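Asks: Sequence and predicted model, in that order:
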Amino acid sequence: MTTTTQEQELTLPSINNVRWRVDVTISSTSLSRVFKPCVVLQVSLSDGRIETFEVPVDKFHELRYAVAKSLRHAQELQQHPTLNRDMK
């Protein structure tokens, strides 16, 4: 039964690599000057997939803030005395 349970576990791919760049739209068909920056992220996953997506700068800052906040909470949990007890 444990073998069957282990085989049915859902595993999510991990991030192997992240590449990014900033593209700036200089003009469009409707406007002569736009100068709107956009962050392009390319994420390589452990299952071989490569996902590419564009994010406006304001949404990128929201994502960056959310990731930094999550990492800070994870560090706080690791340093919590209840989780750091020696298992002797």
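Replies: Arrived safely. What you are looking at is a predicted structure, and each value in this text was computed from that prediction instead of being measured.

Asks: what is the mean pLDDT for stretch 42-57?
Replies: In this model, stretch 42-57 carries a mean pLDDT of 94.

Asks: In three-state terms, how would Ala74 be classified?
Replies: Under DSSP: H, G, I helix; E, B strand; the rest coil, the three-state class of Ala74 is helix.

Asks: Look up how far Ser46 lies from it.
Replies: Applying C-beta to C-beta, to the nearest Å, the value for Ala74 to Ser46 is 20 Å. All C-beta atoms are positioned from the backbone trio N, CA, C, and that covers glycine.

Asks: Leu63 too?
Replies: 21 Å.

Asks: center of this protein - which residue?
Replies: Val67 (7.2 Å; C-alpha atoms, centre = their mean).

Asks: Does that one lie in a helix or a strand, and which?
Replies: Here Val67 sits within helix 57-79, counting by DSSP states H and E.
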